[in-house]
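Visitor: Sequence and predicted model, in that order:
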Amino acid sequence: MRHRQALECRGQTQALVMSTIAFTACFAVWTIFSIIGVAIKDELGLSEAQFGLLVGTPILTGSLIRIVLGVWADQYGGRPVNALVMLSAAAATFLLSYAETYQQMLIAALGVGIAGGSFSVGVAYVSRWYATERQGTALGIFGAGNVGAAVTKFLAPFVLIAYGWQTVAEVWAAGLAIMAVIFWFTTSDDPVTRERRARGEKPRSAWLELEPLKRLQVWRFALYYFFVFGGFVALALWLPRYLIGVYGVDITTAGMIGAAYSVPASVFRAYGGALSDKYGARRVMYWTFLVSVIATFILSYPPTDYVVRGIDGPIAFHMEIGIVAFTVIVFILGFFMSLGKAAVYKHIPVYYPDNVGAVGGLVGMIGGLGGFVLPIAFGVLNDLTGIWTSCFMLLFLLVGVALIWMHLAIRRMEHRAAERELGQLPELPEMQEIHGPGQVGALGPTGSAGRVPHDVPDGVPAQSLSQ
């Protein structure tokens with residue numbers, strides 16, 4: 001018995017560590033255009049909108065396929081699906097080096113984006129190894145693989161300057177292919193998949209996997225993730241171009257400063273998972289949104305000149321954020337975004353333990369679409385307004401809407417609970433699926449009766465969580 005537990009623990013650790021490393025490699029490939037896209041823009045003479053479309057195209061593919069890959073991970077296990085994703089993305093990235101026209105690069109970029117689909121696969125795979133009370137931390141550690149964006153920003157500029165952007169694509173492709181082989185031979189199938197095979201069960205219907213997507217709660221989580229993850233990806237892709245245009249730095253310096261944003265927005269995701277386990281995901285989301293509102297407001301303020309009529313004549317003022325202050329504020333924004341990313345995914349295995357891949361895939365898809373839409377919107381806003389900080393104005397509006405919706409939903413639940421209205425209402429469908437009629441509070445795969453997630457306000461029944 002003790003030997004079996006030791007093997008399970010070892011398999012659990014290997015699954016988490018190798019999934020995190022694999023996701024890091026995938027994310028490095030997924031955001032490769034943040035560096036080589038700058039060289040391609042100059043080479044082809046692209047407009048800001050064309051550049052935004054190019055860097056966002058891989059994000060589109062990686063987002064749209066997340067639901068499909070998440071369902072496959074639920075059905076067949078995350079291990080084989082993840083290996084297939086990495087090999088496919090590696091092949092597409094290698095072929096990118098042979099593209100010569102803008103249209104060819106857009107087509108190749110669609111294939112590169114397959115790497116982004118690894119997230120929903122990894123979430124489904126890792127969550128099956130851990131009990132509910134530890135899933136926030138485990139998924140936070142896995143999600144720290146977002147640091148792959150920083151890896152690209154640190155290393156790709158040096159390879160690009162020395163050998164050209166084509167070599168960057170080839171080296172990154174080779175690294176991802178090698179990672180796929182290592183992942184396959186160092187991990188094992190998750191416990192749920194093994195049990196299904198032992199019982200001879202067939203994979204569940206894809207329609208059953210997609211059933212929870214009808215619920216408003218899932219789409220609210222998706223909006224949160226649109227900002228914390230979509231905004232992160234968009235800025236990870238856009239910042240090098242922004243820094244070069246605003247502060248006139250070279251590509252290497254822009255990559256380093258961009259990494260100052262990407263690193264905290266990735267590494268601290270594990271810390272966000274631990275905080276969500278300890279204090280509740282909703283509290284972490286409040287802090288994320290409040291700080292992000294302040295940070296994006298400051299960053300959205302364009303360089304401005306004021307003239308005040310003083311006693312002795314006009315007095316001129318100039319307001320502008322210097323590069324040092326910009327780097328510090330962006331670091332803070334990235335840190336709280338990382339906490340928010342972990343907090344969003346803390347909810348999913350708790351409320352939908354049998355549909356983690358599908359629900360996580362949808363939330364990840366909407367977040368990833370933010371990473372596709374926002375860079376294009378940034379480029380369009382630049383072309384229309386001529387104001388560099390317009391990208392942060394858009395992010396300020398987005399996080400403001402997310403904060404207001406979350407707060408109104410919570411207040412509505414608290415108000416209904418105070419009036420004792422929920423006591424007369426039938427239990428909501430998702431609660432029945434999770435723990436059966438008459439057992440409110442028994443959440444998660446561990447089925448510990450009476451346990452209510454940390455993010456439920458005091459006095460609010462668990463049924464109200466879908467609002």
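Guide: Received, thanks. Residues are numbered from 1 along each chain as shown.

Visitor: Every contact and neighbour count from this point should use C-alpha atoms.
Guide: Noted.

Visitor: Output the contacting helices and strands for the helix or strand Ala417 falls within.
Guide: Using DSSP states H and E, Ala417 sits in helix 390-418. With contacts taken as 3 or more Cα pairs under 8 Å, 6 or more residues apart in numbering; DSSP states H and E, helix 390-418 sits against helix 216-225, helix 281-300, helix 356-385.

Visitor: I'd like to know which of these is closest to Tyr125.
Guide: helix 356-385 (8.3 Å; Cα to Cα).

Visitor: what mean pLDDT does that closest one have?
Guide: Averaged over helix 356-385, pLDDT sits at 81.

Visitor: Show the average pLDDT along stretch 56-74.
Guide: pLDDT averaged over stretch 56-74 gives 84.

Visitor: Centre of the chain to it, how far?
Guide: Its chain's average C-alpha position is 12 Å from that of stretch 56-74, according to Cα atoms, centre = their mean, to the nearest Å.

Visitor: Pull out the buried positions in that stretch.
Guide: 56-74 (16 or more other Cα atoms under 10 Å).

Visitor: Now, these that are in helices?
Guide: If you go by DSSP state H, these have 56-64, 66-74 in helices.

Visitor: Val307: which element?
Guide: Here Val307 sits within strand 304-310, counting by DSSP H and E.

Visitor: contacts for that strand?
Guide: 314-320 (Cα atoms under 8 Å, 6 or more residues apart in numbering).

Visitor: Beyond that strand, next helix or strand please.
Guide: Next helix or strand after strand 304-310 toward the C-terminus (DSSP H and E): strand 313-319.

Visitor: and after that following strand, which helix or strand comes next?
Guide: Moving toward the C-terminus from strand 313-319, the next helix or strand (DSSP H and E) is helix 323-351.

Visitor: Now for Ala49, how many residues are close by?
Guide: The tally of other residues near Ala49 (other Cα atoms under 10 Å) stands at 17.

Visitor: Show the model's pLDDT score for the closest residue in space to Met406 that isn't next to it in sequence.
Guide: Using Cα to Cα, 6 or more residues apart in numbering and skipping the chain neighbours, the partner closest in space to Met406 is Arg220 (7.9 Å). As predicted, Arg220 sits at a pLDDT of 85.

Visitor: Relative to Gly272, how far out is Arg220?
Guide: 19 Å (Cα to Cα, to the nearest Å).

Visitor: So these two - more neighbours on which side?
Guide: Each of Arg220 and Gly272 has its neighbours counted (other Cα under 10 Å); Gly272 has more, 31 against 19.

Visitor: which of the residues in the helix or strand Tyr271 falls within are buried?
Guide: Element membership of Tyr271 [criterion: DSSP H and E] is helix 269-279. Buried residues in helix 269-279, counted by 16+ other Cα under 10 Å: 269-277.

Visitor: Can you spell out which helices and strands pack onto the helix or strand harbouring Phe185?
Guide: Using DSSP H and E, Phe185 falls within helix 165-186. Identification of packing neighbours for helix 165-186 by 3+ Cα pairs under 8 Å, 6+ apart yields helix 2-30, helix 33-44, helix 78-96, helix 148-163.
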